[in-house]
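J.: this one's structure only:
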Ligand code: CTP
C-alpha cells in the first residue's frame, strides 16, 4: 500500500515571485518541488530575473504561464494575488526588498504584493555587504513590521566569490516556514521537549549496543509541532536525518547522556514526548581496548540504564503533559496500558514493530493512542500525519488537564 508522504501543500495556491539574482536558478528547483507536492504555483518574474533564467523554465516547471509585464492587460496585479494562500518571493534582491519596503508599484511583482492580503514570505539573497548595509537592514525591518516573514539568508560562499551572509536559505527551511504560515498556530503557547532515535551504548572503541530506531517518528513530531507554532527542543540519539529547521537540537549518544539532557530541559516544557528507543542496558564496564576474539568465554556483563520516562513521571509538574511510546510485538494494548500506569504518563503511543509499514525505519506508522480512559487505533498514515494526530490528542488532553488544575490557558 502506498501512502502519500505529505499532502500539506496539495491544492495550495502559491504566487511565486522571482527577482534578479543568480540564485534564481535555485528557485526553479523550488517551483519544481512545490509542483511535485501538487501546489498550484504561478510565477511572477521581475525584468531582471528573466535575464538569469528564462520564463520558459518556470512555465515548464509550474505548468502555468509566467507573468512579468504589468501592462500585459487583464489587471494581473490585482487578479494574481486575489485568491492565493501565500506569496513566496525567492530570491529577493536588495532592489526588490527596497521596492516592497517603500510600497512601489512600478512592476508586476511589487504591485501584486501591494494588492495582496495573504501571508508574504521573503527569501533575500545578495552580496553580504549589500545585505548588511543599513539601507537593506532598515528595509527588511520595515517588511517585518508589515507582517511579512523573512527567511534569513545563510552564510557561506557567495556567487561573487566572497564569503559571508547572503546566500539563499535552504529549501527545507523555506518549506517549513511556508507550512508554518499555512498551519493553524494552535501550539503557539507550548514548549515541547521531544526525544528521538536510538541510544548507543559503547562496549569498546569499535563496538556498541543499539537498536533499529531511525528517529523518523520523533523528528516528524518535532517538525509538525514547530509548524503549529510550538517552541521545540529535540534531544536526538545518533540518526541519519537532517535537523528540522527552527528546532533546537541537542545531540546525545548514550542513555545516560539522554537522561542528563532531558533532566536539564524538562522543567521548562509544557509537553514532553519520549519517542526515543532508549537502550535498557549498557555495558557494565567499557573496555578501553578492543575486545579480542581470543578471549575464551566472551561474556557481556550489562548494567541497567535509568528509565527516563518513569523518572519524568515521578518528578513532573501536575500541569505538564507526558507522552511515551511503546514499541511492541505482542499484546499491544495491554502492554501500552501497563507502561502508561507504571510510568505515570498521560498518553502512550503504541507502535507495532512487526508490521510491514509501521515502526522502525518505515515512513508510515499505525499507532494506538492509549490514555487512562481510552484506546484509539489510528489508520496507517505517514509519520508526519501520525505526529499531527498525536498533537491533536495532546492538545485535548492538555485542555482537560488545565481545566482540572484551574488554569484556563493551554
Ligand atoms: N524509556 C525511557 N527510558 C528507558 C526505557 C524506555 O525513557 N530506559 C521510554 C521510551 O522512550 C518510551 C517508553 O519508555 O517512551 C517505553 O519504551 P519501551 O522500550 O517500549 O519499553 P520499556 O520500558 O523499555 O519496556 P520493555 O523493554 O519491557 O518493553
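T.: Structure's in. What do you need? A quick note: this is a predicted structure, and the numbers were derived from the prediction, not measured. Numbering: from 1, shown residues only.
J.: quick one: residue 154 from residue 165, how far?
T.: 7 Å (C-beta to C-beta, to the nearest Å). All C-beta atoms are positioned from the backbone trio N, CA, C, and that covers glycine.
J.: more crowded one of these two?
T.: Under the neighbour definition other C-beta atoms under 10 Å, residue 154 and residue 165 were set side by side, and residue 165 has more, 17 against 13.
J.: OK, contacts around the more buried one?
T.: Neighbour list for residue 165: 128, 131-132, 152-155 [criterion: C-beta atoms under 8 Å, 6 or more residues apart in numbering].
J.: what about residue 107, how many neighbours?
T.: 20.
J.: Residue 66 now?
T.: Number of residues near residue 66 (other C-beta under 10 Å) recorded here: 23.
J.: do the same with residue 163
T.: Using other C-beta under 10 Å as the criterion, the residues surrounding residue 163 number 11.
J.: contacting residues for it?
T.: Neighbour list for residue 163: 128, 155-157 [criterion: C-beta under 8 Å, 6+ apart].
J.: Can you spell out which helices and strands pack onto the helix or strand of the chain with the lowest mean pLDDT?
T.: The weakest-scoring helix or strand in the chain, judged by mean pLDDT, DSSP states H and E, is helix 76-82 (a mean of 88). With contacts defined as 3 or more C-beta pairs under 8 Å, 6 or more residues apart in numbering; DSSP states H and E, helix 76-82 has these neighbours: helix 108-114.
J.: Run through who's touching the following helix or strand past the helix it packs on.
T.: Counting by DSSP states H and E, the next helix or strand C-terminal to helix 108-114 is strand 120-124. For strand 120-124, the surrounding residues in contact (C-beta under 8 Å, 6+ apart) are 86-94, 97, 100, 113, 131, 136, 140, 143, 146-153, 166, 168-169, 174, 177-178, 181.
J.: Name every strand pairing with strand 120-124 and say which way it goes.
T.: Next to strand 120-124 in the sheet, as set by DSSP bridges, lie strand 86-92 (parallel), strand 149-150 (parallel).
J.: circling back to that earlier point, only the buried subset of the contacts of strand 120-124, as a ChimeraX command please.
T.: Typed into ChimeraX, the line below selects the buried ones among these, using 16 or more other C-beta atoms under 10 Å:
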select :86,87,88,89,90,91,92,93,94,97,100,113,131,136,140,143,148,149,150,151,153,166,168,169,174,177,178,181
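J.: got the residue ranges for the strands in the stretch 151-300 of the chain?
T.: Assigned by DSSP state E, counting those that start in this stretch, the stretch 151-300 of the chain shows strands spanning 154-157, 163-167, 191-196, 201-204, 207-209, 231-236, 248-251, 271-274, 281-283.
J.: Just put the ones you listed in a markdown table and tack on distance to the ligand and mean pLDDT.
T.: Formatted as a markdown table, the strands of the stretch 151-300 of the chain follow (distance: least, C-beta to the nearest ligand atom, whole Å; pLDDT from 0 to 100):
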| stretch | distance to the ligand | mean pLDDT |
| --- | --- | --- |
| strand 154-157 | 34 | 92 |
| strand 163-167 | 38 | 93 |
| strand 191-196 | 6 | 98 |
| strand 201-204 | 11 | 96 |
| strand 207-209 | 13 | 96 |
| strand 231-236 | 11 | 98 |
| strand 248-251 | 15 | 98 |
| strand 271-274 | 4 | 98 |
| strand 281-283 | 9 | 97 |
